[in-house]
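Peer 1: The following block contains a protein sequence and its predicted model.
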Amino acid sequence: MKKLLVFFVCALLSTGLFAQITGSAHDFSGYGWSGGEICAPCHTPHNAIVPQLAPLWNHASAVGPWSPYVDTGTGSLDAVVGQPAGVSRACLSCHDGTVALDSFGGVGGTVMIGTINAAADFGTDLTNDHPISFTYNTALATADGELFDPATTASGLGGTIANDLLFSDSLECASCHDVHNSNTVAGTPMLRLAIAGSVLCLTCHDK
C-alpha cells in the first residue's frame, strides 16, 4: 500500500516524469536505505514536513547558515545575495553535506552525500558557486547591464525567463538544474538546457 501511495505522489509531483527520474542521479531506489522507493526520500503523500521547502516535502531540512556568493556589486553581479531560501534549501538538504540522504520520513539517517558522490557535496561555503536566492527582475537586468531582461522570451525557452526559470522572481538552484530530470537534453542530465555552446549560461547572461 505504501509503495502504491508513493507511486501516486510521484505522478502528481512530476506529471508523468517518473521514467526520467528512474536511473537519474536522484534515483536512490537501488540503495537499501531507500526501501526501493524513488520519490519517498524527497516527497510523501501524507504528513509532509513543515516548512514546505518543496511540494509534500519529506526530507529533513538543512538549516545553515551558509556563506553565500560574495562577488556582488563589483561588476560580477549587481544583486543582493542572502541566505539560500525556499526550493534551494530543499536542494541543500542533501547537497550541503550536513544532513544525511536517508534522513527522511521523520527518521534520522547516517548516509552522507559525500559517500556516494564527493563532487555533489558543496558544503556550506557557497562563495565560489553560482549565486542563488536573489531577485532577478527587470530592474536588476537594467542595473547590471549584462543580463537579459527576465520579462523577455529567451532562446531555448517556451516562455520568458521569469516564467520558465525563476521562482517568484528569484533565481534558485532549480532555475538551472532539472531535479526531476524531465527536460534532459542529450549529454546534459539534470540541467534545464544544454551546457554545450554555453546555451544554459547565455539564456540569462548577455555576453
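Peer 2: Now that the structure is in, tell me what you want to look at.

Peer 1: How are the strands of the chain distributed by residue range?
Peer 2: In the chain, strands defined by DSSP state E lie at 134-135, 170-171, listed in chain order.

Peer 1: so can I have TSV of those showing distance to Pro189 and mean pLDDT?
Peer 2: Where C-beta positions appear, they are placed from N, C-alpha and C, glycine not excepted. Output for the strands of the chain, formatted as TSV (distance: least, CB to CB, whole Å; pLDDT from 0 to 100):
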stretch	distance to Pro189	mean pLDDT
strand 134-135	26	95
strand 170-171	21	97
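
Peer 1: I'd say Gly114 and Leu101 touch.
Peer 2: No. Distance between Gly114 and Leu101: 10.0 Å, which falls outside the contact criterion (CB atoms under 8 Å).

Peer 1: Neighbour count: the two, which is higher?
Peer 2: Neighbours per residue (other CB atoms under 10 Å) separate Gly114 from Leu101, with Leu101 holding more: 22 against 13.

Peer 1: Tell me the confidence at that one?
Peer 2: We note a pLDDT of 97 for Leu101 in this prediction.

Peer 1: OK, contacts around it?
Peer 2: Residues in contact with Leu101, defined by CB atoms under 8 Å, 6 or more residues apart in numbering, are 28, 31, 33, 41, 94, 109, 111-113, 116.

Peer 1: Please repeat the previous calculation with a cut-off of 10 Å.
Peer 2: Contact analysis of Leu101 by CB atoms under 10 Å, 6 or more residues apart in numbering lists 28, 31, 33-34, 41, 59-60, 93-94, 109-116.

Peer 1: before we move on, the earlier item: quick one, which of the strands of the chain is packed in tightest?
Peer 2: Between these, the one whose residues have the most neighbours on average, counting mean count of other CB atoms under 10 Å, is strand 170-171 (a mean of 20).

Peer 1: Show me what that one is packed against.
Peer 2: If you count contacts as 3 or more CB pairs under 10 Å, 6 or more residues apart in numbering; DSSP states H and E, strand 170-171 packs onto helix 86-95, strand 134-135.

Peer 1: mind giving me JSON lines with these and columns for distance to Gly197?
Peer 2: Supplementary listing: these in JSON lines, determined by distance: least, CB to CB, whole Å:
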{"stretch": "helix 86-95", "distance to Gly197": "26"}
{"stretch": "strand 134-135", "distance to Gly197": "26"}
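
Peer 1: Please report the distance of the residue most central in space within the chain from Ala118.
Peer 2: Centrality entry for the chain: nearest residue to the mean C-alpha point is Ala174, 3.5 Å, by CA atoms, centre = their mean. Ala174 sits 22 Å away from Ala118, taking CB to CB, to the nearest Å as the criterion.

Peer 1: if we can go back for a sec, so which of the helices and strands packed on strand 170-171 is the most packed in?
Peer 2: Of all the helices and strands packed on strand 170-171, helix 86-95 has the most neighbours on average by mean count of other CB under 10 Å, namely a mean of 23.
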